[in-house]
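Undergrad: return atomic coordinates for the entry below.
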Amino acid sequence: MPAVNLSLFKMVLLIRLARAGMVEAMSTDYVKFARAQGLPDRQIVFRHILRNISIPIVTVFGLELGSTLAFAVVTESLFNWPRVGKLIIDLILQLDRPVMVSYLVLVVILFVLINLTVDLVYARLDPRVRLRGGSA
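TA: Here you go, the predicted structure:
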């Protein structure tokens, strides 16, 4: 139940974003030309459309993954799971600052790592995003 609670809204958000991108991309010229060449719909969707709409999906996925990890504390507290959420709530009530600060530092490190991963995925998905050696 807690996993469904954490992930349901995020999955629906990503599905709606992907659907909106697909609907928008289906009316573009490169899809019309691919259909005119006689390419199968599956190849058009996977090779052309998904490749072009993947950047916003990866962006939102990275942000939502970070927020899910950071705010799992609330869900754990609501479902009375004695994990990190209960620890953080107890520490807030006891005003144990060093452990609260270490938790926040851990969340910040997770956000930085997730954003770094998203940037690396950008470079893999879109060659225009890659950095070149030398001055810009």
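
Undergrad: which strand or helix spans the spatially most central residue of the chain?
TA: Residue closest to the mean C-alpha point of the chain, counted by CA atoms, centre = their mean, is residue 61 at 1.2 Å. Here residue 61, judged by DSSP states H and E, is contained in helix 50-70.

Undergrad: buried residues in that helix?
TA: Buried residues in helix 50-70, counted by 16 or more other CB atoms under 10 Å: 50, 52-55, 57-58, 60-62, 64-66, 69-70. Quick note: C-beta positions are derived from backbone N, CA and C, even for glycine.

Undergrad: which two from these end up farthest apart in space?
TA: 52 and 70 (30.2 Å; CB to CB).

Undergrad: ok, residue 72 - how many residues close by?
TA: 19 (other CB atoms under 10 Å).

Undergrad: my guess is it meets residue 6, correct?
TA: Yes - between residue 72 and residue 6 there is a contact under CB atoms under 8 Å: 6.2 Å.

Undergrad: how many residues are close by residue 111?
TA: With other CB under 10 Å as criterion, residue 111 counts 17.
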